[in-house]
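> Fold the following and give me the result.
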Amino acid sequence: MMREDPVLEWLTGAGLAGLGEQALLRGMCEACRASGLPVARALLLADMLDPTLEGRGARWREDTPEGENFEYGRSGEDDEGAVSWARSPLNALARSGQTMLRVRLERGETGEWPLLAELAASGMTDYLCFVHRIAEEDVIGEMDCVYSSIATRAPGGFTEAQVARLLRCTRALALALKSVAQGRVARTLARVYLGHDAAERVLGGGILRGMVERIEAVLWFSDLRGFTTIVEQASPAEIIPFLNDYAEAAITAIHGAGGETLKLIGDGVLAVFRQGSAAERGRQALAAEADFRTRLAALAEARGARGQPVTSAYVGLHVGEVFYGNIGARDRLDFTVVGPAVNEVSRIAAMCRSVDRDLLVSDTLRDLLGEAERTALVSTGRFALRGVGRAQDLYTRDPEA
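Have a look, this model is predicted:
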């Protein structure tokens, strides 16, 4: 009976355990060395679907047995990373359409690759690199293959049997990384598009239509001052960067204070604060609004210096009971909040224009705040909000406070 390869056995368990790049590569190299494969250096990497980076990987060397993770961002043709990649054996292998490239360093076969000359100078005798491609229908974003490389300093390099075995092992390594990476992509995309808490609920199984929770929350609704006029006057190329800059300011402030952004509606932002007591949620929302103003001022200075359009924002804050969860059709759901309080907070934000104030706070929310927060707010009057049954006193920050 053929014995199970201990490296393959380890990789199977590691893939099921969801180990990351560094742990996968380190564990495989340790298993290789323990079973007679003279691995001295290894690399593992793959492109990802992530809004902030292009890919992730890990390095391992016999003199640094813990290994290390690394990330690489999106690069242009002239960037150092792009130039380095263009001159790498992995890039040459990927363009060739083959699965494996072997370079006998001990024989001086370093070719046109500076990396291999460095490896040979450091005493490496043999170098293998692999590209394991993912089936087209299973590709997510840029992650269409997994790259790996292995070098040894054993005299004479790897034997043919060892090369064949390493090919099988790196295939299993690629499968383990694919499993981990695609799970990470799913979590990342859910958080980016839904928000952290909503993403965790969806990934935890909360995907049925009508699966909602009744919660008490402080609600934030903001939109930009003069947005329509700015869009009409700005060039089309300026509009998306403009929206991105201001959305970044709002979302960073909201998340930094403990809130969750649920919706980007054109230039509008809908968010909730659900953590802590009612007074704590109110303080979080006011802290987020103050931070937002600081960020808006910095943004106006930076964009103004570049001759780009600038603006300010209106913010409405309210508190109420809402339904929080899945709403929509069977095959197209939205994870959001609904209820009268959501309509009210949008009307409160819209009232900012009428009273010429950047911030309006409902009387319901003001009554929940501590004395210090209430003292810092002054009344702007009592108003009947469109589509809302009762008139409300609305408050703003005391200009003298």
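> just the helices in the protein please.
Using DSSP state H, the helices assigned to the chain run over residues 6-17, 21-34, 80-86, 89-96, 114-121, 160-194, 196-203, 227-233, 236-256, 278-305, 340-355, 363-368, 371-375.
> Minimum distance to residue 214: which of those helices has it?
Proximity to residue 214 (CB to CB) singles out helix 340-355 among those, at 11.5 Å. Quick note: C-beta positions are derived from backbone N, CA and C, even for glycine.
> which residues does residue 72 bridge with?
residue 55 (DSSP bridges).
> contacting residues around it?
Neighbour list for residue 72: 45, 53, 54, 55, 56, 57, 81 [criterion: CB atoms under 8 Å, 6 or more residues apart in numbering].
> confidence score at it?
Residue 72 is assigned a pLDDT of 87 by the prediction.
> and which of the contacts of residue 72 is nearest residue 298?
residue 53 (24.9 Å).
> In this structure the closest one contacts residue 70, no?
No - look at residue 53 against residue 70 with CB atoms under 8 Å: they stay out of range, at 10.3 Å.
> So if we follow the domain assignment, how does this protein break up?
Domain assignment for the chain by automatic domain parsing gives 6-193, 205-397.
> Tell me which two of the contacts of residue 72 sit farthest apart.
Across those, the longest distance by CB to CB is 13.5 Å; it joins 56 and 81.
> Among the contacts of residue 72, name the buried ones.
Buried members of the contacts of residue 72, counted by 16 or more other CB atoms under 10 Å: 45, 54, 55, 56, 57.
> What's opposite the first one in the beta bridge?
Note on residue 45: beta-bridge partners by DSSP bridges are residue 57, residue 147.
> so who does it touch?
By CB under 8 Å, 6+ apart, residue 45 lies in contact with 21, 55, 56, 57, 58, 72, 146, 147, 148.
> if I look at the first one, how far off is residue 88?
When CB to CB, to the nearest Å is the yardstick, residue 21 and residue 88 sit 18 Å from each other.
> of those two, who's got more company?
residue 21 (23 against 19; other CB atoms under 10 Å).
> For the more buried one, which non-adjacent residue is closest in space?
residue 58 (3.9 Å; CB to CB, 6 or more residues apart in numbering).
> can you check residue 365 too?
residue 319 (4.3 Å).
> Run through the bridge partners of that neighbour.
Bridge pairing for residue 319 - DSSP bridges - gives residue 218.
> Grab the most central residue of the chain for me.
With distances taken as CA atoms, centre = their mean, the residue of the chain nearest its centroid is residue 188 (5.0 Å).
> List the contacts of that one.
49, 50, 51.
> what do you get for residue 176?
By CB under 8 Å, 6+ apart, the contact set of residue 176 is 11, 12, 14, 15, 19, 24.
> any idea which of these is closest to residue 114?
When the contacts of residue 176 are ranked by distance to residue 114 (CB to CB), residue 24 comes first, at 27.1 Å.
> The closest one and residue 33: what is the separation?
Between residue 24 and residue 33 the distance is 15 Å, computed by CB to CB.
> between these two, which one's more packed in?
Higher neighbour count among residue 24 and residue 33: residue 24, with 25 against 15, using other CB under 10 Å.
> surely that one meets residue 16?
No - look at residue 24 against residue 16 with CB under 8 Å: they stay out of range, at 11.9 Å.
> before we move on, back to that, among the contacts of residue 45, give me the pair with the biggest separation.
Among the contacts of residue 45, the pair separated by the greatest distance (CB to CB) is 72 and 148, at 15.5 Å.
> ok, for residue 339, nearest residue in space, not its chain neighbours?
residue 322 (4.0 Å).
> Can you give me the neighbour number for residue 64?
Residue 64: 11 surrounding residues under other CB under 10 Å.
> Find me the pLDDT at the closest residue to residue 51 other than its chain neighbours, would you?
Once flanking residues are discounted, residue 51 sits nearest to residue 192: 5.9 Å by CB to CB, 6+ apart. On pLDDT, residue 192 comes in at 81.
> what about residue 236, neighbour count?
7.
> swap that for residue 206, sorry
Residue 206 has 16 neighbouring residues, counting by other CB under 10 Å.
> ok, it to residue 333 distance?
Using CB to CB, we find residue 206 at a distance of 10 Å from residue 333.
> joint contacts of the two?
Joint contacts of residue 206 and residue 333 (CB under 8 Å, 6+ apart) are residue 326.
> low-scoring stretches of this structure, by residue?
1-3, 75-78, 387, 389, 401 (pLDDT under 70).
> The same query, at a cut-off of 80, please.
Applying pLDDT under 80 to the chain picks out residues 1-3, 51, 74-83, 111, 195, 197-199, 201, 203-211, 384-391, 399-401.
> gap between residue 322 and residue 298?
With distances taken as CB to CB, residue 322 is found 32 Å from residue 298.
> what does residue 213 give?
Separation of residue 213 from residue 298 (CB to CB) stands at 37 Å.
> now swap in residue 138 and tell me
Applying CB to CB, the value for residue 138 to residue 298 is 43 Å.
> for the nearest residue to residue 18 once chain neighbours are set aside, what are its contacts?
Counting by CB to CB, 6+ apart, residue 18 lies nearest to residue 180, which is 5.5 Å off, once chain neighbours are set aside. Each residue near residue 180 by CB under 8 Å, 6+ apart is listed here: 15, 18, 19, 20, 21, 24.
> neighbours around the fourth one, how many?
Residue 20 is surrounded by 15 other residues when neighbours are defined as other CB under 10 Å.
> again, but for the third one
For residue 19, the tally of surrounding residues (other CB under 10 Å) stands at 20.
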